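1. With the input below, show me the fold.
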Amino acid sequence: MSNRQYIQNAIENGYDFKIGDYFSRGWEYFKLKPLEYVGYATLVIVITLVLSIIPIIGTIASLIISPALTVGALIFTNMLARNENPEFGNFFDGFKKLTPLLVAYLLTLVIYAIIFIPFLLIVGASVISEFAAAGDDPEAMVDNFQTLASMGIWIFIFALILLYVAISLRWVLHLVYFHQYDAVEAIKTSWKLTNKKWLHHLGFVLLGGFFMFLGALALVVGILVAIPFFYAADLVGYADVTGLNAEDELDNLGQTEDTV
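-> Just a heads-up that it's a prediction; the model follows:
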């Protein structure tokens, strides 16, 4: 049984998603190489900040390197999970597969744009037209603010849609790097996998967000720990669900099935 068959089995038959176990094991991996994890998180934040102040070129460069940097901590953690001894440079192994990662990343951005742009055009056009028609009439201006407030429910619905899509697509880059899926396959597979346990995945992300919030309260050091810790836990969950590091076990299982 190949890894892809393992994934298909998870899609068809479901799987356990053990949030507490993933964070616990993720923390154990983090403690093996804390300085490396914190160093990488620091470097990524510095690179992001530097590129953000460079007009146009910085934005383009950030867009290109983001997917490779995103999978860095995942790659490093997976090497630890396989009892290898990763070095700091392994955080950047994502650049070895930059092209497929970038294609998948850009495609997910297109999906977000398809959702976001129509909403922005409809709501934005409505607001602009209302305020333009009001002119300098104070009463009309008050009415328009009330109209804007009434749109809150639609904004809330839109936010829920974005959240649903973000959770559904959260394993796209994982599938591209670790399982060599192309962009379209990865999007479809991530959608199917996460939606088998969507609320569990949401809970995982919310808990990770809570840890990052606590890290932010602890200022710089806390957030530099919380971010790579979350990615380490995420890799543990991904590997568990997809059978990433279960090649020997799967091969034996496949041989047993063939002889039945």
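2. mind showing which ranges of the stretch 1-150 of the chain have poor pLDDT?
-> Applying pLDDT under 70 to the stretch 1-150 of the chain picks out residues 1-2, 122-150.
3. need the helices for it, in chain order.
-> In the stretch 1-150 of the chain, the helices defined using DSSP state H, counting those that start in this stretch lie at 3-13, 19-32, 34-52, 57-70, 72-81, 98-134, 138-150.
4. Can you name the secondary structure element that comes next after the last one?
-> Read in the C-terminal direction, the helix or strand following helix 138-150 is helix 152-168, with elements assigned using DSSP states H and E.
5. residues in contact with that next one?
-> 111-112, 115-116, 119, 123, 190-191, 194-195, 198, 201-202, 205 (CB atoms under 8 Å, 6 or more residues apart in numbering). The C-beta positions use only the backbone N, C-alpha and C, and glycine is treated the same way.
6. Give me the buried subset of the residues you listed.
-> The neighbour-count test (16 or more other CB atoms under 10 Å) marks 190-191, 194, 201-202, 205 as buried among the contacts of helix 152-168.
7. Go ahead and confirm Lys33 touches Glu87.
-> No. Lys33 is not in contact with Glu87 according to CB atoms under 8 Å; the separation is 9.6 Å.
8. which one of the two has more residues nearby?
-> In terms of neighbours (other CB atoms under 10 Å), Lys33 is the more surrounded of Lys33 and Glu87; the figures are 21 against 11.
9. Phe92 versus the more buried one, what's the distance?
-> Counting by CB to CB, to the nearest Å, the separation of Lys33 from Phe92 is 15 Å.
10. On the three-state scheme, the residue most central in space within the chain is what?
-> Against the mean C-alpha coordinate of the chain, by CA atoms, centre = their mean, the closest residue is Arg170 at 4.0 Å. Here Arg170 takes the coil state, with states given by DSSP: H, G, I helix; E, B strand; the rest coil.
11. Going forward, count from 26.
-> Renumbered: residue one is now 26, and that last one reads Arg195.
12. For it, what are phi and psi?
-> Note on Arg195: its backbone torsions stand at phi -70, psi -10 [degrees, to the nearest 10].
13. Tell me who's in contact with it.
-> For Arg195, the set of contacting residues under the criterion of CB under 8 Å, 6+ apart consists of 215, 219, 226, 230.
14. I'd guessed the third one sits against Ile44; true?
-> Pointing back at His226 there. No. At 9.1 Å, His226 does not count as touching Ile44 under the criterion of CB under 8 Å.
15. quick one: the closest residue to Arg107 other than its chain neighbours from Leu126, how far?
-> With CB to CB, 6 or more residues apart in numbering as the criterion, Arg107 has its nearest non-adjacent residue at 5.7 Å, and that residue is Asn270. Applying CB to CB, the value for Asn270 to Leu126 is 20 Å.
16. all helices of the stretch 176-285 of the chain, in order?
-> With helices called from DSSP H, counting those that start in this stretch, the stretch 176-285 of the chain shows them at 177-193, 197-204, 208-221, 223-242, 244-267, 272-284.
17. about what we covered before: between the contacts of Arg195, which is nearest Ala251?
-> Closest approach to Ala251 among the contacts of Arg195 (CB to CB): Val230, at 13.1 Å.
18. May I ask which two of the buried ones among the contacts of helix 177-193 are separated the most?
-> Checking those against each other with CB to CB, the farthest-apart pair comes out as Trp216 and Val230, at 15.5 Å.
19. if we can go back for a sec, most tightly packed of the helices of the stretch 26-175 of the chain?
-> For those, the stretch with the most neighbours on average is helix 97-106, a mean of 23; neighbours defined as mean count of other CB atoms under 10 Å.
20. Which secondary structure elements does it sit against?
-> Using 3 or more CB pairs under 8 Å, 6 or more residues apart in numbering; DSSP states H and E as the contact criterion, the neighbours of helix 97-106 among helices and strands are helix 44-57, helix 59-77, helix 197-204, helix 244-267.
21. got the angle for it vs helix 244-267?
-> An angle of 60 degrees separates the directions of helix 97-106 and helix 244-267 when computed by axes from the mean of the first three to the mean of the last three CA atoms, to 10 degrees.
22. No more questions from me, cheers.
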